[in-house]
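Undergrad: Fold the following and give me the result.
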Amino acid sequence: MPGPTVEMEPVEPQSLKKLSFKSLKRALDLFSPIHGHFAPPDPESKKIRLSHKIQLEYGGIKSATNPNQANSTQPDGNSQASAPSNALALPGTENSKDPQTGGTQNALVVGPSVQQKGLNDVGHLGKSTAVVSSSGPSERNLSTSAIMERIPSKWPRPVWHPPWRNYRVISGHLGWVRSIAFDPSNSWFCTGSADRTIKIWDVGSGRLKLTLTGHIEQIRGLAVSNKHTYMFSAGDDKQVKCWDLEQNKVIRSYHGHLSGVYCLALHPTIDILLTGGRDSVCRVWDIRSKMQIHALSGHDNTVCSVFTRPTDPQVVTGSHDTTIKFWDLRYGKTMATLTHHKKSVRAMALHPKEHTFASASADNIKKFNLPKGEFLHNMLSQQKTIINAMAVNEEGVMATAGDNGSMWFWDWKSGHNFQQAQTIVQPGSLDSEAGIYALSYDLTGSRLVTCEADKTIKMWKEDENATPETHPLNFKPPKDIRRF
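TA: The predicted structure is shown next:
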């Protein structure tokens, strides 16, 4: 039989907010009867706390005696027979005076031998290491930071380079100047433009020697062979042309690209030509037979930069799909893909001496090792613009040029940006036409030529009057370097 049912009192329904306030009030009443006020200070616990801190901080350090008193109490015979002590001078407080004028001087004795040993048989004091506060107007308090060992940065210090200056402006093209290549004899250079012409200029005087016509769109890539009298050009008209410089005319055309050709490179040892374009493919051509040897396909977007080397990886391409690919030229296959960049890799530069190269995109300029492609480091500043071109000379000066007309000079070894130049548009141009599309050093590395959106070609050289004193190196080693 079930027992009699007990009548339960009806529970008043309460909101969650009301219950939580009630719970909070109970907790405060229980643990902090005077909540809202700090607990009264306990002098005893403060004293214990302070003495513990002092013991930890200055356990091995105690005040030494005044040097004047020490000299007066010591007999004359032993006054100059004190043991050698390692002293470290620190800037003292304002009221610390010179011992000669009778003022006091703070001295800190550091080290295991805190208590001085008595006079031994010869009359010498025991060794002690002293940290002496030197008199001076500095108001810095003495602390253990003065005794700490300073660890030097392992980051390489940049080499001093003189700043570069613009010494010549050449006008002649009727459109944006998009590409440049130097002749192996270093006597002339050629530029390709949006006016569909290739112009050849004298390096020494900057005078126009020749104008070549034949393309029907702007010329994006140029290269001059160092084995034959050939010059190669590529443009937005999908055409790749071989020019014979003895006859000044086109002798071969290489057909196969499905869209505009953006970059062009010549292999240093084999007679092959590499072109990359908007069809996302880097094509390898036999110069003599005009045959396509390989179509290096694998990029998802425009191939906008390419360079070649005599040893593997013989072909390196950069693309708008943000990747850099190393290619095996024998099989036409990818050897490695570098995915460090977050934006289009529009420019790359191979170091003329080291087995390293740099790549530039709008997010960063990165340095990689060859042949494996290990990431070395980022350059220490960000240009914060689209970088269209870069070049490096044998002295380790790298120049990068941006869409906004900025040209930055870098020390290759350390990644330090030692000069930020801004190009000036020629009179009659808009300020928005301050953009640099291509740049190249001459064969000596002492002159730099830039191709610009204001239809001019500018030549730069190092400032002969600059010294490390007039242009000092303002370098701070990075505390933490971004790895990607």
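Undergrad: what sits against the nearest residue to Ile365 once chain neighbours are set aside?
TA: Computed as Cβ to Cβ, 6 or more residues apart in numbering, the closest residue to Ile365 that is not its neighbour in sequence is Met379, at 4.1 Å. (Glycine included, C-beta is placed from N, CA and C.) Counting by Cβ atoms under 8 Å, 6 or more residues apart in numbering, Met379 touches Ala358, Asn364, Ile365, Lys366, Lys367, Trp410, Gly415, Asn417.
Undergrad: For Lys238, see how far away the most centrally placed residue in the chain is.
TA: Nearest residue to the geometric centre of the chain (Cα atoms, centre = their mean): Met379, 1.6 Å. Met379 is 35 Å from Lys238, where distance means Cβ to Cβ, to the nearest Å.
Undergrad: Then Leu376?
TA: Taken as Cβ to Cβ, the span from Leu376 to Lys238 is 37 Å.
Undergrad: who's more crowded, the two?
TA: Each of Leu376 and Lys238 has its neighbours counted (other Cβ atoms under 10 Å); Lys238 has more, 18 against 12.
Undergrad: In space, what's closest to the more buried one - neighbours in sequence excluded?
TA: Per Cβ to Cβ, 6+ apart, closest to Lys238 is His257, 4.7 Å.
Undergrad: For this structure, just list every one of the helices.
TA: 16-31, 43-57, 67-73 (DSSP state H).
Undergrad: now stretch 360-376, how far from the centre of its chain.
TA: 11 Å (Cα atoms, centre = their mean, to the nearest Å).
Undergrad: Residues contacting it, please?
TA: By Cβ under 8 Å, 6+ apart, stretch 360-376 touches 309, 311-313, 322, 324, 326, 336, 338, 340-349, 355-359, 377-379, 382-387, 390, 400, 410, 415, 482-484.
Undergrad: So among these, which ones count as buried?
TA: In terms of neighbour count (16 or more other Cβ atoms under 10 Å), the buried residues within these are 309, 313, 322, 324, 326, 338, 340-341, 344-349, 356-359, 377-379, 383, 385-387, 390, 400, 410, 415.
Undergrad: out of those residues, which are inside strands?
TA: 324, 326, 338, 347-349, 356-359, 377-378, 387, 390, 400, 410 (DSSP state E).
Undergrad: out of those, who's nearest Leu56?
TA: Checking those against Leu56 by Cβ to Cβ gives His377 as the nearest, at 39.6 Å.
Undergrad: Let me know whether Gln420 touches Trp408 as I believe.
TA: Yes: counting by Cβ atoms under 8 Å, Gln420 touches Trp408, with 5.2 Å between them.
Undergrad: Tell me how many other residues crowd the residue lying closest to Phe232 once chain neighbours are set aside.
TA: Spatial nearest neighbour of Phe232, excluding adjacent residues (Cβ to Cβ, 6+ apart): Ala223 at 4.8 Å. Burial measure for Ala223: 21 neighbouring residues, criterion other Cβ under 10 Å.
Undergrad: Relative to Met231, how far out is Ala223?
TA: 7 Å.
Undergrad: shared neighbours, these two?
TA: Common neighbours of Ala223 and Met231 (Cβ under 8 Å, 6+ apart) are Ala181.
Undergrad: Which one of the helices of the chain lies nearest to Trp155?
TA: From these, taking Cβ to Cβ, the stretch that ends up closest is helix 43-57, at 32.1 Å.
Undergrad: Flag every buried residue along the closest one.
TA: Under 16+ other Cβ under 10 Å, helix 43-57 has no buried positions.
Undergrad: again, but for stretch 278-291
TA: Arg278, Asp279, Ser280, Val281, Cys282, Arg283, Val284, Trp285, Ile287.
Undergrad: I'd say the last one and His267 touch.
TA: No: between Ile287 and His267 there is no contact under Cβ under 8 Å: 9.1 Å.
Undergrad: For those two, list the residues in contact with both.
TA: Leu273.
Undergrad: Which pLDDT value belongs to the residue nearest to Ile365?
TA: On pLDDT, Met379 comes in at 94.
Undergrad: Likewise for Gly3?
TA: Predicted confidence (pLDDT) for Gly3: 58.
Undergrad: Same check on the one 5 residues further on?
TA: Predicted confidence (pLDDT) at Met8: the value is 67.
Undergrad: Could you list the low-confidence segments of the stretch 151-300 of the chain?
TA: 151-152 (pLDDT under 70).
Undergrad: Near Ile424, how many other residues are there?
TA: By other Cβ under 10 Å, 16 other residues sit near Ile424.
Undergrad: now Asn465
TA: 9.
Undergrad: Distance check, it against Leu473.
TA: 17 Å.
Undergrad: Equivalent analysis for Val284, please.
TA: 44 Å.
Undergrad: All the strands of the stretch 151-300 of the chain, in order from the start?
TA: 164-171, 177-182, 188-193, 197-202, 208-213, 219-224, 230-235, 240-244, 249-254, 261-266, 272-277, 281-286, 292-297 (DSSP state E, counting those that start in this stretch).
Undergrad: Need those in TSV (columns: distance to Tyr58).
TA: Output for the strands of the stretch 151-300 of the chain, formatted as TSV (distance: least, Cβ to Cβ, whole Å):
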stretch	distance to Tyr58
strand 164-171	55
strand 177-182	67
strand 188-193	70
strand 197-202	74
strand 208-213	79
strand 219-224	70
strand 230-235	74
strand 240-244	77
strand 249-254	80
strand 261-266	67
strand 272-277	68
strand 281-286	68
strand 292-297	69
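Undergrad: Which of the ones you listed sits closest to Leu443?
TA: strand 177-182 (6.1 Å).
Undergrad: partners of the closest one in the sheet?
TA: strand 188-193 (antiparallel) (DSSP bridges).
Undergrad: Would you mind pulling the contact partners of the partner strand?
TA: Residues contacting strand 188-193 (Cβ under 8 Å, 6+ apart): 173-183, 198-203, 209, 215, 218-222, 224, 231, 233, 235, 438, 440, 442, 449, 451, 455, 457.
Undergrad: List only buried entries from those.
TA: By neighbour count, with 16+ other Cβ under 10 Å, these hold 173, 176-183, 198-201, 203, 215, 218-222, 224, 231, 233, 235, 438, 440, 442, 449, 451, 455, 457 as buried.
Undergrad: quick one: low-confidence ranges for the stretch 351-484 of the chain?
TA: 481-484.
Undergrad: what do you get if the cut-off is 80, keeping everything else the same?
TA: Scanning the stretch 351-484 of the chain for pLDDT under 80 picks out 479-484.
Undergrad: if we can go back for a sec, can you tell me which of the helices of the chain the model trusts least?
TA: Averaging pLDDT over each of the helices of the chain puts helix 67-73 lowest, since it has a mean of 46.
Undergrad: so Pro268 sits right up against Phe307, yeah?
TA: No: between Pro268 and Phe307 there is no contact, the gap being 10.0 Å when judged by Cβ under 8 Å.
Undergrad: higher neighbour count, the two?
TA: Set side by side, Pro268 and Phe307 show more neighbours around Phe307, with 16 against 12, by other Cβ under 10 Å.
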